[in-house]
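K.L.:
give me a 3D structure for the following:
(2 chains)
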Amino acid sequence: MRKLFTFAICLAALVGAAPAGAQQYRVIVNAQNTTTTLSKEDLARVYLKKMSTWKNGAAVTVVDQGPKSPVRAVFSMAVLGRDVPTMKNYWQQSLFSGRGVPPLEQPTEAQVVAFVAANPGAIGYVSGDAQLPESVKTVTVTQ
Amino acid sequence: MHRHNVRNLAIAVALSATTAGAQGFTPQNVEVHGFGSWNAGATNNENMYLGSQNRGSSRNADAGFTITGHMDEKLSFVTQVQFDFTGQTQTSLDYVFGQYDFNDALKLRAGQVKQPFGLYTETIDVGVIRPFLTAPQSVYGPTANIAEAFRGVGLTGNLKLFGGSSLDYDVYGGGLNREEYEVTLDAYRVMQGRRPWSAVSDGYGTEITDQVYGGRLMINPPVAGMRLGASGYHGNTNEQPIPGRGDVQTVIYSFEYMANRIGFRSEALREWESDHDRQNGWYYEGSYRLFGGWQIAGLYDRATTHLKGKKPGCAAPCSDRPVLGESMLGHKEIAGGLNYYFSPNFAMKLSYHHIEGNRFAQPNRDDLVAQLSAAYAAGATTSPLPNTTNAMLLGAQFSF
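P.N.:
The predicted model follows:
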């Protein structure tokens, strides 16, 4: 069993590396949010709902793009290290084990922006060239 | 898991409705999700396996609903009701518990709570998230290794560790019911020279287990989709229909890697019961997503059971032909599957299973007893049960 685990860990390390998705997406929060930077690790924890509050204690409201969105595919691989179908499976496990519900999905990028603009604790992501209103701001994602 | 009548559904709905009314639920904070499964199957002999029979069977179907109500950011309630359409329709109340989130690292759960044990116990009814129609039988079959829920209180949470890793933990205490298809009891009788047809049950026994304490630790290393850890519990069991108190302890080691096209899970379990048996189970389960919605899957599954009455020198009366019951203690399975996912929420699955042993593949209860009785009376020195079984299963599973 120990050999198997070692082999599996090595295999996963070889095939599981996520390609970089830099500049292909931007992470956005409400303009009232004081957060300006997030590490990629914390961003992943937010999107896996393992980190549910901002540093000031306010609740995080996570919003995802629709399942067929190209920017979601990029974000999912770059930040979560897994493709969208795998994340769907992950959330079904989480949902039916009573440990968390998946992020709210918004079907269009404009609706993601509007949702974040309307909710002070919200966080979302958009494509790199998306036009943003003053009611939302971009967060820098560090490694 | 106790099977109740439809009254439970009414109770669950009434509970939800009462709670909703008291706290002013709105559609935004109540979520309803569901799942379902149907499968048909056939075997190449009189042994049945996972509901499949020699001439084919398509009577296996079940469905369920999970209702989650979020009272506020910290307090939520979860209820799951399941309907089983195999034979007579039955309804069971799988879970009903409340959860209070102090923070991400500390959450309290109380009620009839999903048992955090291994990889599949909490989602054992939701087939669409695994590559085969059922979870591996060595660990999740009718072996009394797991209980779907515990009654009591528990703590759970996620702790951020160093280097991008984190730890999911659970601790709990209370009681639980473990169900077992009592083929080991039959084997025990045969090996001790007792007649198996003196059994008083229809084959299923419930082990009511109290004074339970247990937990689970799962590490999420900085490799996306990987987790590994261990779970276990200790309790005091009152076995039915043969009453008898005894300690039981079970531990399982788990590994999972689910990333993109590759899925791999492996677990190794050991259970000890102070009064008689000891069970081991382990499996390797892999899957690979091809193109479109196609997926292939493979499984190696193994279970062994050791009874105190098995060896010469056991407590009297001992059988002079213990070999008659030995095949009912072992299970070795190799399976391959081909799945098509119309979406992550709906899949059709076809699988072929080659099984050695009668721990989980055996004739129906009446035929089992009749064959063993006839063999015993005839002075047979080998088991009358077909030791090798081939089964083909086809099914559909969904969730929403």
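K.L.:
how about stretch B:257-267: buried residues?
P.N.:
By neighbour count, with 16 or more other C-beta atoms under 10 Å in any protein chain shown as the criterion, the buried positions of stretch B:257-267 are B:257-260, B:262-267. For the C-beta atoms, the positions are set from N, CA and C on the backbone; glycine is no exception.
K.L.:
equivalent analysis for stretch B:29-45, please.
P.N.:
B:33-43, B:45.
K.L.:
in a markdown table: the buried residues of stretch B:257-267, plus pLDDT, secondary structure and distance to B:F400.
P.N.:
Formatted as a markdown table, the buried residues of stretch B:257-267 follow (pLDDT from 0 to 100; DSSP: H, G, I helix; E, B strand; the rest coil; distance: C-beta to C-beta, whole Å):
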| residue | pLDDT | secondary structure | distance to B:F400 |
| --- | --- | --- | --- |
| B:Y257 | 96 | strand | 27 |
| B:M258 | 93 | strand | 21 |
| B:A259 | 87 | strand | 24 |
| B:N260 | 87 | coil | 24 |
| B:I262 | 94 | strand | 26 |
| B:G263 | 95 | strand | 21 |
| B:F264 | 97 | strand | 27 |
| B:R265 | 97 | strand | 24 |
| B:S266 | 98 | strand | 29 |
| B:E267 | 98 | strand | 28 |
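K.L.:
okay, those residues in a markdown table with distance to B:L161 next?
P.N.:
Output for the buried residues of stretch B:257-267, formatted as a markdown table (distance: C-beta to C-beta, whole Å):
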| residue | distance to B:L161 |
| --- | --- |
| B:Y257 | 18 |
| B:M258 | 20 |
| B:A259 | 20 |
| B:N260 | 24 |
| B:I262 | 24 |
| B:G263 | 24 |
| B:F264 | 23 |
| B:R265 | 22 |
| B:S266 | 23 |
| B:E267 | 22 |
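K.L.:
tally of neighbours for the residue in chain A positioned nearest to chain B?
P.N.:
Relative to chain B, the nearest point of chain A is A:G81 (2.5 Å; C-beta to the nearest C-beta). Neighbours of A:G81 under the rule other C-beta atoms under 10 Å in any protein chain shown: 22.
K.L.:
and the buried residues of stretch B:29-45, which of them are in strands?
P.N.:
Assigned to strands by DSSP state E, the following of the buried residues of stretch B:29-45 qualify: B:33-43.
K.L.:
out of these, which is nearest to chain A?
P.N.:
Nearest to chain A out of those is B:H33 (C-beta to the nearest C-beta; 6.0 Å).
K.L.:
and the closest one, how far is that from B:A374?
P.N.:
In this view, B:H33 and B:A374 are 49 Å apart by C-beta to C-beta, to the nearest Å.
K.L.:
re the thing from before, between all of the buried residues of stretch B:257-267, which two are separated the most?
P.N.:
Comparing every pair within those by C-beta to C-beta identifies B:N260 and B:E267 as the most remote, at 21.8 Å.
K.L.:
just name the shakiest helix or strand of chain B by mean pLDDT.
P.N.:
Least confident helix or strand, chain B: helix B:7-23 with a mean of 43, by mean pLDDT, DSSP states H and E.
K.L.:
could you pull out the strands in chain A for me?
P.N.:
Counting by DSSP E, chain A has strands at residues A:25-30, A:37-39, A:61-65, A:104-106, A:122-127, A:136-142.
K.L.:
quick check: closest non-adjacent residue to the residue nearest the centre of chain B.
P.N.:
The residue lying closest to the centre of chain B (C-alpha atoms, centre = their mean) is B:Y140, at 3.1 Å. If the residues on either side of it in the chain are set aside, B:Y140 comes closest to B:Y120, at 5.5 Å by C-beta to C-beta, 6 or more residues apart in numbering or on different chains.
K.L.:
now do the same contact list for that neighbour.
P.N.:
B:Y120 makes contact with B:130, B:135-136, B:139-140, according to C-beta atoms under 8 Å, 6 or more residues apart in numbering or on different chains.
K.L.:
stretch B:81-100 and chain A, any residue contact?
P.N.:
Yes - on the criterion C-beta under 8 Å from any C-beta of the partner chain, stretch B:81-100 is in touch with chain A at B:95, B:97, B:99.
K.L.:
work out for me the element the last one sits within.
P.N.:
Pointing back at B:Q99 there. Using DSSP states H and E, B:Q99 maps to strand B:90-103.
K.L.:
so which elements touch that strand?
P.N.:
Other helices and strands packing on strand B:90-103, by 3 or more C-beta pairs under 8 Å, 6 or more residues apart in numbering or on different chains; DSSP states H and E, are helix B:7-23, strand B:75-84, strand B:106-114, strand B:149-160.
K.L.:
spatially central residue for chain A, please.
P.N.:
Nearest to the geometric centre of chain A sits A:Y47, at 4.1 Å (C-alpha atoms, centre = their mean).
K.L.:
that one contacts A:G81, correct?
P.N.:
No - with contacts counted by C-beta atoms under 8 Å, A:Y47 stays clear of A:G81, the gap being 11.0 Å.
K.L.:
and A:Q65, what are its bridge partners?
P.N.:
Assessed by DSSP bridges, A:Q65 has beta-bridge partners A:Q106.
K.L.:
that one: neighbour count?
P.N.:
By other C-beta under 10 Å, the residues close to A:Q65 number 26.
K.L.:
residue contacts, it?
P.N.:
Applying C-beta under 8 Å, 6+ apart to A:Q65 gives the contacts A:71-72, A:75, A:105-106, A:109, A:112, A:124-125.
K.L.:
so where do the helices sit in chain A?
P.N.:
Ranges of helices in chain A, per DSSP state H, are A:2-15, A:40-47, A:70-75, A:84-96, A:109-118.
K.L.:
got those as TSV, with mean pLDDT columns?
P.N.:
Formatted as TSV, those follow (pLDDT from 0 to 100):
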stretch	mean pLDDT
helix A:2-15	48
helix A:40-47	94
helix A:70-75	95
helix A:84-96	91
helix A:109-118	95
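K.L.:
between those, which one is nearest to B:D277?
P.N.:
The closest of the helices of chain A to B:D277 is helix A:2-15. By C-beta to C-beta, the value is 26.3 Å.
K.L.:
where does residue 125 land on pLDDT?
P.N.:
As the question left the chain open, I've gone with chain A. In this model, A:Y125 is scored at 97, pLDDT.
K.L.:
think we crossed wires, I meant chain B
P.N.:
pLDDT, B:D125: 88.
K.L.:
same thing with the one 3 residues further on?
P.N.:
At B:V128 the predicted local confidence, pLDDT, stands at 93.
K.L.:
how near is it to chain A?
P.N.:
Separation of B:V128 from chain A (C-beta to the nearest C-beta, to the nearest Å) stands at 7 Å.
K.L.:
contact partners for the closest residue to that residue other than its chain neighbours?
P.N.:
Leaving aside its chain neighbours, B:V128 sits nearest to B:Q397 (4.3 Å; criterion: C-beta to C-beta, 6+ apart). Residues near B:Q397 by C-beta under 8 Å, 6+ apart: B:35-38, B:127-128, B:133, B:346-347, B:349.
K.L.:
for residue 82, grab the count of nearby residues.
P.N.:
All of this is about chain A. Residues near A:R82, counting by other C-beta under 10 Å, number 20.
K.L.:
nope, chain B
P.N.:
24.
K.L.:
isn't it right up against B:G64?
P.N.:
Yes - here B:Q82 reaches B:G64: they are 3.7 Å apart, a contact under C-beta under 8 Å.
K.L.:
in the stretch 301-400 of chain B, what residue lies closest to chain A?
P.N.:
Proximity of the stretch 301-400 of chain B to chain A (C-beta to the nearest C-beta) peaks at B:P344, 3.7 Å away.
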